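# Below is the sequence, then the predicted model.
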Amino acid sequence: MNLTDVAVIGAGAMGAGIAQVAATAGHRVSLVDAVPGAAEAATDRLGGGLDRLVAKGRLTADDAAAIRGRLTPAGSVAELPDCGLVIEAVPEDLALKRKIFGELGGSQPASTILATNTSSIDVSAIAEAVIHPERVVGLHFFNPPQVMALVEVIHGARSSATVLDEAVELMRAWGKTPVRCSSTPGFIVNRVARPFYGEAQRMVEAGVADAATIDWILREKGGFPMGPLELTDFIGQDVNLAVGTSVWEQTGRDERYAPTEFQRGLVEAGRLGRKTGQGVYTYAADGVLVGGDPDLGLAERLVGGPVETDPLARTVAMLVNEAADLVGRGEATAADVDIAMVLGTRYPRGPIEWGRSLGFAVVSRQIEELDRVFPGGRYRPSPALLDGTVQ
């Protein structure tokens with residue numbers, strides 16, 4: 001590998017952040033965007049961010065100048081120098097990504113690792129456009145890349161083991177924590193997290209409890225940093241629905257991942273969360289939540305009761321079930337799943353560790369009970385829970 005030169009395609013928040021990470025690690029970084037002037041503007045913004053770090057005493061002026069000096073806007077893919085690594089970070093559009101990777105495959109040396117930052121598109125489908133597709137991998141950073149330690153390293157059907165190993169080592173050299181996963185819908189974090197949002201939405205729909213009470217239970221009883229309903233307001237209901245819909249579509253509309261009418265209704269009504277002032281909750285002009293008081297008496301009655309009306313037990317059981325399914329299919333290791341969910345979502349513990357603590361037999365019985373109460377396939381137990389594959 002030529003470890004000196006790195007390029008990033010896409011100068012939005014993710015692409016610019018990745019470029020800063022690479023430049024901070026000592027690489028010369030070329031930043032490209034299809035919009036004229038976007039790469040230059042992003043470079044200027046990054047320079048301003050570095051100046052603020054200097055003002056806070058978190059970076060020396062010399063280091064900031066050196067990082068800024070390693071960032072260079074480029075006019076097009078064709079103008080890029082020969083690189084050891086090119087990372088694409090453009091919008092989630094398969095046709096667009098294939099076009100870019102086709103250009104990169106023709107203009108970069110065969111030794112260049114070509115990576116996509118996609119959060120939802122099949123890496124193998126992107127690689128079809130590339131000469132030497134074995135060099136194509138996924139490097140899914142989390143927002144903001146400068147802060148978040150996790151990177152999902154995704155292997156497509158034809159990704160080289162050597163290239164994957166090099167990508168993992170490079171991410172470690174950048175100060176990141178890489179986890180490996182096959183190119184399964186949603187990868188690790190966006191796949192395993194689906195029940196965290198979906199179960200809460202379904203319980204509100206069914207009248208089990210109001211949103212504030214469910215969020216309180218998951219925060220105060222479960223240790224999650226945010227409740228699932230307030231978190232979707234923070235992410236954006238439209239963004240969260242789009243990710244969930246993508247996983248659902250890629251799994252052949254598996255009922256386990258079906259979006260809820262509750263969330264669809266919020267999006268159709270324009271109640272997208274904090275950014276619009278209304279979502280599940282209502283927000284004041286300064287973004288502060290208005291109301292949202294939990295029913296603490298109801299919360300105490302629900303927790304420890306039947307699993308179908310216990311927001312914590314039901315959510316955790318589904319998270320464990322989903323994680324076990326991923327591990328059971330051989331798409332990621334139990335250790336990587338737990339690391340990914342703790343670093344990527346700040347869960348209080350990894351779902352496999354949580355299942356081990358509760359007892360996988362207990363979780364299996366809870367899932368079977370949910371499947372009995374709510375037939376249709378969403379709550380089918382993972383074979384890995386039933387046959388002891390996950391221990």
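Alright, I've got the coordinates.

# Distance from stretch 58-75 to the middle of the chain?
28 Å (Cα atoms, centre = their mean, to the nearest Å).

# can you check stretch 322-330 too?
17 Å.

# Same check on stretch 176-195?
Distance of stretch 176-195 from its chain centroid, counting by Cα atoms, centre = their mean, is 7 Å.

# mind listing the helices in the stretch 101-250 of the chain by residue range?
In the stretch 101-250 of the chain, the helices defined using DSSP state H, counting those that start in this stretch lie at 123-127, 161-173, 189-192, 194-205, 211-216, 228-235, 237-250.

# can I get these in JSON lines with mean neighbour count?
C-beta coordinates here come from the backbone N, C-alpha and C atoms, glycine included. Converted to JSON lines, those look like this (neighbours: other Cβ atoms under 10 Å):
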{"stretch": "helix 123-127", "mean neighbour count": "22"}
{"stretch": "helix 161-173", "mean neighbour count": "17"}
{"stretch": "helix 189-192", "mean neighbour count": "24"}
{"stretch": "helix 194-205", "mean neighbour count": "23"}
{"stretch": "helix 211-216", "mean neighbour count": "24"}
{"stretch": "helix 228-235", "mean neighbour count": "24"}
{"stretch": "helix 237-250", "mean neighbour count": "20"}
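
# could you dump the ones you listed to CSV with mean pLDDT and distance to residue 108?
Output for these, formatted as CSV (pLDDT from 0 to 100; distance: least, Cβ to Cβ, whole Å):
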stretch, mean pLDDT, distance to residue 108
helix 123-127, 96, 14
helix 161-173, 97, 13
helix 189-192, 96, 28
helix 194-205, 98, 35
helix 211-216, 98, 47
helix 228-235, 96, 34
helix 237-250, 94, 28
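
# could you dump the ones you listed to JSON lines with distance to residue 315?
Output for the helices of the stretch 101-250 of the chain, formatted as JSON lines (distance: least, Cβ to Cβ, whole Å):
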{"stretch": "helix 123-127", "distance to residue 315": "29"}
{"stretch": "helix 161-173", "distance to residue 315": "30"}
{"stretch": "helix 189-192", "distance to residue 315": "12"}
{"stretch": "helix 194-205", "distance to residue 315": "5"}
{"stretch": "helix 211-216", "distance to residue 315": "9"}
{"stretch": "helix 228-235", "distance to residue 315": "7"}
{"stretch": "helix 237-250", "distance to residue 315": "15"}
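
# Relative to residue 46, which of these is closest?
Of all the helices of the stretch 101-250 of the chain, it is helix 161-173 that lies closest to residue 46, at 20.0 Å by Cβ to Cβ.

# Which elements pack onto the closest one?
strand 113-116, strand 136-141, strand 150-155, strand 177-182 (3 or more Cβ pairs under 8 Å, 6 or more residues apart in numbering; DSSP states H and E).

# Quick one: mean pLDDT for the second one?
Along strand 136-141, the predicted confidence averages to a pLDDT of 98.

# cool, and the third one?
Strand 150-155 shows a mean pLDDT of 98 in the predicted model.

# which other residues reach it?
With Cβ atoms under 8 Å, 6 or more residues apart in numbering as the test, strand 150-155 has contacts from 123, 137-142, 164, 167-168, 171, 176-183, 187-189, 339-340, 343-344.

# go on, the last one?
With contact meaning Cβ under 8 Å, 6+ apart, strand 177-182 is reached by 149-155, 164, 167-168, 171-172, 187-188, 326, 330-333, 336-337, 339-340, 343.

# Any quick PyMOL command for the buried ones out of the residues you listed?
Only the buried entries of the contacts of strand 177-182 go into this PyMOL selection, using 16 or more other Cβ atoms under 10 Å:
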select buried, resi 149+150+151+152+153+154+155+164+167+168+171+187+188+326+331+332+336+337+339+340+343
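
# Residue ranges of each domain in this structure, please.
Domains of the chain are assigned by automatic domain parsing as 5-182, 191-386.

# sorry, back to before: so which of the helices and strands packed on helix 161-173 gets nearest residue 255?
Going by Cβ to Cβ, the one of the helices and strands packed on helix 161-173 nearest residue 255 is strand 177-182, 22.4 Å.

# Report the inter-axis angle for the closest one versus helix 161-173.
Note on geometry: by axes from the mean of the first three to the mean of the last three Cα atoms, to 10 degrees, strand 177-182 and helix 161-173 are set 150 degrees apart in direction.

# strand partners of strand 177-182, parallel vs antiparallel please.
strand 150-155 (parallel) (DSSP bridges).

# Could you report the neighbour count for residue 296?
As a burial measure, residue 296 scores 12 neighbours (other Cβ atoms under 10 Å).

# Contact partners for it?
213, 216.

# Quick check: the spatially closest residue to residue 138 that is not a sequence neighbour vs residue 313, distance?
Leaving out its chain neighbours, the residue that sits closest to residue 138 by Cβ to Cβ, 6 or more residues apart in numbering is residue 154, at 2.8 Å. Taking Cβ to Cβ, to the nearest Å as the measure, residue 154 and residue 313 are separated by 32 Å.

# ditto for residue 43
Relative to residue 313, and taking Cβ to Cβ, residue 43 is found at 49 Å.

# again with residue 136
Per Cβ to Cβ, residue 136 is found 41 Å from residue 313.
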